[in-house]
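Student: okay, sequence plus prediction incoming.
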Amino acid sequence: MAKTDWQLGDTVQPEDLNQLGQEINDNTSAISEHIAATTGVHGATSEAMPNTIVQRDFAGRVKANGVNFENGSRIGDEQHRTYIRTSGNRFDAVTSDGQNYVLSARADTDELYFKSNKIFHSGNDGSGSGLDADMVDGFQANQLAKKNPGNEILLRWATNELQIDVDSTQNLPVAKANSVNGWRIYNDITELGLTPGSETMEDIVIAMANRSMLIFWKTTTNASSAYPANTGLLIVTKYHNTRVVLEFFSRESGISAVWVGYYDSNQTPNFTGWNKVAVTDSINEFLGIQKFQARASDNHAGTQLLDPNGRLVGAYYYQMPTGRLIMRKYTPSTGEIESDLWIQATEFKYRVFNNSYDVWHSGNLPYETGNWTPVVKFGGNNDGLSYVHRYGRYTRIGNTVYWVVYVGLQTKGTSTGAVTIEGLPFVSHAGLPISVSVGVVESASLPANVYGIQYMVLNNDNKITLRVLGSNISNTALTSSTLADTSHFRASGFYYIS
């Protein structure tokens, strides 16, 4: 060991320096060993190792991977009564007055408490745990869907129960008949214990429970003759043996077909049989005498009629776009429109094939009456002709004009040719008939084979043409040569206008 009692006059010997150097070297090795040590009294570590120095972090906090509390020991701020303590198998986090714990755990019983409330976990929940959690989002347990041992979803409400399974062929949910005091749903007659192919409607109804419904697709492989068609959807709604409604839906020749029936065990026969209800897939096609209702703003509403052979013969309907009420007649052999009679706010008309006509009534019937001035001509002229008197009167009612004429000549003048009386107030129409009249001519020299005079209004004309009637006479005009200067014309008749 180096000398430590040096005096002022002492002489430093080489061995003294060697001793100092040796001790320096020894201390250097010890320091290095201490720094590198991880075990023993010299080793500082964060591991939970006995007899070692505890490390601290940059903030001076103790770094430890484990703390071993002796029974009854505490760690924390006891001055402010916030600390952690252990007691036997119990661990507490304490605050407030130092007696009431915030968090407490017991290793021997798996109990965990927050304040005085028990905390439930996977080790202490379940039957007998005391957990009162029978409501989820306000619903009781019997109001929630459950899964039964058959892996089917079970829905319950009050005393009713609906069992939902998955159709393996379509991977879709299917309601099964498993209700309690509620409506049952059957999806196949096999669920009723029936064998497809020999069942009757009576078999089906009797096998069904009261307050139940059957929705069953009948196919061509089912040979039973109890159905109204080879394929279709059967729906049976049974409230009671005395109140059962049966429906069958199918399609025939592109048109929907519906049959209905009723079963009542108190009536004979119990089943009414199938009654067909005529329906169509088009608003203008019909399978009988029936009412139909418009489905869109451009369709009609009313009734169409068929004859016993199913041919369309008539219709009575309201036409949506025009607001017309139409009575229509069809030609049965062709189905073409033959005639119409329609009423609208502004018109009352009828149509025969493609020709439309107004229907006159007291509110729109054209009516006119007045005088007209007859003008007698011979060959289209009346040179030198004069009158004693002349009188004309007319009345128009609708498209019919009634006329009266009385003309007396004073002199017939020098013109010659066929006799006409012009001046009628309206031009005649272009079709048939032409006109009807009665008249005479006074002071005329007629041939022996002539026995009468005809006053005619020809098509598209407003004058009266005079013709003679007699044996072997056809379409012969009365001429001025048969008249005298004092001849008179008296006649009345009517003709049609457009």
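Tutor: Cool, got the structure. Residues are numbered from 1 along each chain as shown.
Student: ok so residue 202 is a helix residue?
Tutor: Yes - the assignment for residue 202 (DSSP: H, G, I helix; E, B strand; the rest coil) places it in a helix.
Student: what are the ranges of the helices in the chain?
Tutor: 14-36, 201-207 (DSSP state H).
Student: please save the CA atoms from the first one in CSV.
Tutor: Okay, so that is helix 14-36. Output in CSV follows, covering the C-alpha atoms of helix 14-36 (Å, rounded to 0.1, in the frame of the first residue of the first chain):
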residue,chain,number,x,y,z
PRO,A,14,11.3,4.6,-6.7
GLU,A,15,9.3,2.0,-4.8
ASP,A,16,7.0,4.7,-3.4
LEU,A,17,6.1,5.7,-7.0
ASN,A,18,5.6,2.1,-7.9
GLN,A,19,3.3,1.6,-5.1
LEU,A,20,1.2,4.6,-6.1
GLY,A,21,1.0,3.4,-9.7
GLN,A,22,0.0,-0.1,-8.6
GLU,A,23,-2.9,1.3,-6.4
ILE,A,24,-4.0,3.5,-9.3
ASN,A,25,-4.1,0.5,-11.6
ASP,A,26,-5.9,-1.6,-9.0
ASN,A,27,-8.6,1.1,-8.5
THR,A,28,-9.1,1.5,-12.3
SER,A,29,-9.7,-2.3,-12.6
ALA,A,30,-12.3,-2.2,-9.8
ILE,A,31,-14.1,0.7,-11.3
SER,A,32,-14.3,-1.0,-14.7
GLU,A,33,-15.5,-4.2,-13.0
HIS,A,34,-18.2,-2.2,-11.1
ILE,A,35,-19.5,-0.5,-14.2
ALA,A,36,-19.7,-3.8,-16.1
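Student: residues of that helix that come out buried?
Tutor: For helix 14-36, a neighbour-count test (16 or more other C-beta atoms under 10 Å) marks nothing as buried. (C-beta placed from N, C-alpha, C; glycine too.)
Student: please apply the same query to stretch 457-468.
Tutor: Neighbour-count burial for stretch 457-468 [16+ other C-beta under 10 Å]: 457, 461, 462, 463, 464, 465, 466, 467, 468.
Student: do the same with stretch 210-219
Tutor: Buried residues in stretch 210-219 (16+ other C-beta under 10 Å): 212, 213, 214, 216, 218.
Student: rewinding a little: rank the helices of the chain by mean pLDDT and give me the bottom one.
Tutor: Mean pLDDT values for the helices of the chain show the minimum at helix 14-36, a mean of 80.
Student: so which elements touch it?
Tutor: If contacts are counted by 3 or more C-beta pairs under 8 Å, 6 or more residues apart in numbering; DSSP states H and E, helix 14-36 sits against no helix or strand.
Student: now intersect the buried residues of stretch 457-468 with the strands, please.
Tutor: 463, 464, 465, 466, 467, 468 (DSSP state E).
Student: want to throw these into TSV with pLDDT?
Tutor: Formatted as TSV, those follow (pLDDT from 0 to 100):
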residue	pLDDT
463	95
464	96
465	95
466	94
467	93
468	92
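Student: sorry, back to before: same list, the helices of the chain, but as a markdown table with distance to residue 308 please.
Tutor: Formatted as a markdown table, those follow (distance: least, C-beta to C-beta, whole Å):
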| stretch | distance to residue 308 |
| --- | --- |
| helix 14-36 | 120 |
| helix 201-207 | 30 |
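Student: which among these is found nearest to residue 271?
Tutor: Ranking these by distance to residue 271, with C-beta to C-beta as the measure, places helix 201-207 first at 5.2 Å.
Student: now that closest one - C-alpha only, CSV.
Tutor: The C-alpha trace of helix 201-207 is given here as CSV (Å, rounded to 0.1, in the frame of the first residue of the first chain):
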residue,chain,number,x,y,z
MET,A,201,-108.1,-29.3,-50.8
GLU,A,202,-110.1,-30.9,-48.0
ASP,A,203,-107.0,-32.9,-46.9
ILE,A,204,-104.9,-29.8,-46.8
VAL,A,205,-107.4,-27.7,-44.9
ILE,A,206,-108.1,-30.4,-42.3
ALA,A,207,-104.3,-31.0,-41.8
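Student: thank you, goodbye.
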